[in-house]
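*Asks:* With the sequence up front, the predicted model follows.
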Amino acid sequence: MITSRARMLGRSMRSRPRRPDATGWNMACNCSESTSRSLQRARNCSPSGVTRTLRVVRCSNRVPRLASSCCTAVDTRAFASPSFASFAETTEEQFDLLANVHLKGTFFLTQKLLPLIADGGRIVNTSSGLTRFSYPGASAYAAMKGGVEVLTRYLAKELGPRGIAVNTVAPGAIETDFGGGTVRDNAQLNAMIASQTALGRVGVADDIGGAVAALLTDGNRWVNGQRIGVSGGVNL
């Protein structure tokens with residue numbers, strides 16, 4: 001199962017093949033925008049992608065009935081972008097929105113899906129490069145992603161007896177709608193980040209989708225409890 005807005009990073013992940021013993025992705029849409037638009041994008045994935053599309057917004061009690069074949073959960077809930085407010089100016093409302101989506105949402109959706117994840121399955125959470133380096137204005141967002149990284153290690157420990165591996169991928173700056181599309185649309189900012197990245201460019205969605213797909217292969221079955229930076233080597 002992939003939980004996302006059915007676009008950008010989520011779409012890239014769904015376009016990748018699953019593990020050889022799996023039959024297809026289940027998709028749970030966090031529809032912060034138009035439900036019909038999110039569901040349509042999910043259905044437009046390649047034939048090898050989505051097998052069922054679920055709307056999971058304020059209806060977590062419906063998940064067990066709808067997601068009975070879930071064996072992999074990937075968290076891509078990045079629709080609550082950083083407020084880009086300084087620590088001193090961050091409001092409680094901004095903080096709560098980020099906490100509800102990125103930390104509370106990850107915690108309780110995973111908890112709800114846990115009985116449906118097969119033994120030997122995988123969970124991949126999404127963090128951010130902002131937990132490794134500091135960018136003014138993103139303190140609340142980075143704090144939530146730091147919490148996800150700690151949660152990942154605890155899940156890896158507690159779910160180990162079931163053979164479930166839990167890891168986190170931490171993208172750097174990616175050309176998506178994130179933050180209003182600033183990295184993608186602001187040529188000056190894009191060039192600056194590229195100059196600070198060892199591989200000489202800003203990331204794109206497929207860079208992240210490929211990394212997640214790799215974590216789900218049998219060749220990476222022994223990778224567990226790790227934070228994996230997927231940033232092209234930014235700010236080394």
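*Replies:* Yep, it's here.

*Asks:* going forward, measure contacts and count neighbours with C-alpha atoms only.
*Replies:* Will do.

*Asks:* The lengthiest helix in the chain: which residues count as buried?
*Replies:* The single longest helix within the chain, with elements called by DSSP state H, is helix 139-158. In terms of neighbour count (16 or more other CA atoms under 10 Å), helix 139-158 has its buried residues at 139-149, 151-153, 155-156.

*Asks:* Just the residues contacting the following helix or strand past that helix, thanks.
*Replies:* Toward the C-terminus, helix 139-158 is succeeded by strand 165-171 as the next helix or strand (DSSP states H and E). Among residues not part of strand 165-171, those counted as contacts by CA atoms under 8 Å, 6 or more residues apart in numbering are 120-129, 149, 152-153, 155-156, 159, 208, 211-212, 221-231.

*Asks:* Narrow these to those in helices?
*Replies:* Secondary structure assignment (DSSP H) places 149, 152-153, 155-156, 208, 211-212 from the contacts of strand 165-171 within helices.

*Asks:* quick one on the thing from earlier: what subset of the contacts of strand 165-171 is buried?
*Replies:* Buried residues within the contacts of strand 165-171, defined by neighbour count using 16+ other CA under 10 Å: 121-129, 149, 152-153, 155-156, 159, 208, 211-212, 221, 224-231.

*Asks:* Any regions of this protein where pLDDT drops low?
*Replies:* With pLDDT under 70 as the threshold, the chain has low-confidence stretches at 1-83.

*Asks:* And the helices in it, which stretches?
*Replies:* Along the chain, counting by DSSP H, helices occupy 9-14, 35-43, 63-66, 92-98, 105-113, 139-158, 178-185, 187-195, 205-215.

*Asks:* For the fourth one, buried residues please.
*Replies:* Buried residues in helix 92-98, counted by 16+ other CA under 10 Å: 94-95, 97-98.

*Asks:* How about residue 171: what's its closest non-neighbour residue?
*Replies:* Beyond its immediate neighbours in the sequence, the residue positioned closest to residue 171 (CA to CA, 6 or more residues apart in numbering) is residue 230, lying 4.7 Å away.
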